[in-house]
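1. predicted model, plus sequence, below.
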Amino acid sequence: MTARLVAGPPEGAVSVPAAVAALAGSSSVEAVWRNELGGVTFAIPGRYVKWQPAGTGIEPADEAARLAWAAAYTPVPAVLGSGTDDEGTWLVTAAMPGSSAVSPRWLAAPAVAARAIGEGLQALHAALPVGPCPFDWGVAARLARADERRSGSSSARAGLGAPPPVDRLVVCHGDPCAPNTLLDDAGHWTGHVDLGALGVADRWADLAVATWSLEWNYGPGWDGVLLEAYGVAPDDERTDYYRRLWAAT
């Protein structure tokens, strides 16, 4: 199976949208990440601006609502503002302590990073309460959203088949790839970012993609480290299904 994700640090010069330039004023602006839809995250001292080009169907209000809800239970970025113009949409959040698990330091220490990601994901799942969560990341909701946005592969969605029985319902991160866990200098997780898809689902919806992303970022062989740190045995059936669902949506 081939991963669909092509996100990563930008290569070459990046044009700064007018809205981002206005937010920065006289402060420095650095493009630090580009996602698979052409959106760019810009660093301004003390802040980050997630900018998305118009027409992608991604609304900053969706992530802002999830961050505001999750902030009562677990370390996530504080929302400072959002906006929309003809060029795109944006979400402004406060910087958090720590560095991404795919920063050069942690790319050189994959065992430390994989362990921190597993511990951080377990802590997130334990902290966020399922009952009062107003957001859904279950299979049916994801398939419906993909159809609305015409994202992913319709043929792959048609061939998914029925999902396996739910192992444990949790509030999932929704994009648990390695870059979205932050680590301190000692290699312990400090928080999570990019929670625009957060919602209730089987925990393997997160675990399948989190382990998959280790291979994309550090190479093969680190799944067991993450799962041991999380405290769960491998589950090939659920891992396969939720990876296919990720690729299809």
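-> That came through fine.
2. okay, buried residues for stretch 59-70 please.
-> Neighbour-count burial for stretch 59-70 flags 60, 62-67, 69-70 (criterion: 16 or more other C-beta atoms under 10 Å). For glycine as for every other residue, the C-beta is placed from the backbone atoms N, C-alpha and C.
3. can I get those in JSON lines with secondary structure and distance to residue 144?
-> Listed next are the buried residues of stretch 59-70 as JSON lines, based on DSSP: H, G, I helix; E, B strand; the rest coil; distance: C-beta to C-beta, whole Å:
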{"residue": "60", "secondary structure": "helix", "distance to residue 144": "21"}
{"residue": "62", "secondary structure": "helix", "distance to residue 144": "15"}
{"residue": "63", "secondary structure": "helix", "distance to residue 144": "19"}
{"residue": "64", "secondary structure": "helix", "distance to residue 144": "22"}
{"residue": "65", "secondary structure": "helix", "distance to residue 144": "18"}
{"residue": "66", "secondary structure": "helix", "distance to residue 144": "18"}
{"residue": "67", "secondary structure": "helix", "distance to residue 144": "23"}
{"residue": "69", "secondary structure": "helix", "distance to residue 144": "21"}
{"residue": "70", "secondary structure": "helix", "distance to residue 144": "23"}
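4. which one of the residues you listed is nearest to residue 52?
-> residue 60 (7.6 Å; C-beta to C-beta).
5. Provide a list of residues in contact with that closest one.
-> 50, 52, 82-84, 89-91 (C-beta atoms under 8 Å, 6 or more residues apart in numbering).
6. farthest pair within those?
-> Farthest pair in the contacts of residue 60 (C-beta to C-beta) is 50 and 84. Separation: 12.7 Å.
7. so where do the strands sit in this structure?
-> 30-34, 40-44, 47-53, 79-84, 88-94, 99-100, 169-172, 181-183, 189-192, 199-202 (DSSP state E).
8. next, format the ones you listed as JSON lines and append mean neighbour count and distance to residue 149.
-> Output for the strands of the chain, formatted as JSON lines (neighbours: other C-beta atoms under 10 Å; distance: least, C-beta to C-beta, whole Å):
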{"stretch": "strand 30-34", "mean neighbour count": "16", "distance to residue 149": "19"}
{"stretch": "strand 40-44", "mean neighbour count": "21", "distance to residue 149": "20"}
{"stretch": "strand 47-53", "mean neighbour count": "21", "distance to residue 149": "13"}
{"stretch": "strand 79-84", "mean neighbour count": "16", "distance to residue 149": "17"}
{"stretch": "strand 88-94", "mean neighbour count": "21", "distance to residue 149": "14"}
{"stretch": "strand 99-100", "mean neighbour count": "18", "distance to residue 149": "26"}
{"stretch": "strand 169-172", "mean neighbour count": "25", "distance to residue 149": "19"}
{"stretch": "strand 181-183", "mean neighbour count": "25", "distance to residue 149": "26"}
{"stretch": "strand 189-192", "mean neighbour count": "21", "distance to residue 149": "23"}
{"stretch": "strand 199-202", "mean neighbour count": "22", "distance to residue 149": "16"}
